[in-house]
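In: based on what follows, work out the 3D shape:
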Amino acid sequence: SIASADMDLNQLEAFLTAQTKKQGGITSDQAAVIAKFWKNHRPQIHESLISQSRWDHVLRNMNWRVDLKSQLRHVDQINTPVAIVEMELGKTGQ
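Out: Residues are numbered from 1 along each chain as shown. I've put the predicted structure just below:
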């Protein structure tokens, strides 16, 4: 819960206080250890979660256009917009 919410120190303190008051929750000593660990390792934990939640590919380039057809066999298809999208993907770090 702490990592997924990327809690700041005030949120962490409120969360841990609530956990110590719950029946079967954590002790004050455990809360202190968790708080110290989070304060020291928050940036690394956050970066790890971000890297695990990203796709392996990144968008390198994107081109698009909208075409209108001006001559067709059927009149109801004239001026019907058609979107063409081209996306170039690449691997992260390459």
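In: can you confirm residue 61 is in a helix?
Out: No. Judged by DSSP: H, G, I helix; E, B strand; the rest coil, residue 61 forms no part of a helix; its state is strand.
In: and the pLDDT for residue 44?
Out: We have a pLDDT of 94 for residue 44.
In: I meant residue 71, not that one.
Out: At residue 71, the model reports a pLDDT of 71.
In: how about the one 5 residues further on?
Out: The predicted local confidence for residue 76 comes out at a pLDDT of 69.
In: pretty sure residue 57 contacts residue 87?
Out: No. If you go by C-beta atoms under 8 Å, residue 57 and residue 87 don't touch, sitting 10.0 Å apart. C-beta coordinates here come from the backbone N, C-alpha and C atoms, glycine included.
In: count the neighbours of residue 64 for me.
Out: 9 (other C-beta atoms under 10 Å).
In: am I right that residue 24 is in a strand?
Out: No. Applying three-state DSSP, one finds residue 24 to be coil, outside a strand.
In: and the gap between it and residue 2?
Out: 18 Å (C-beta to C-beta, to the nearest Å).
In: good, wrapping up.
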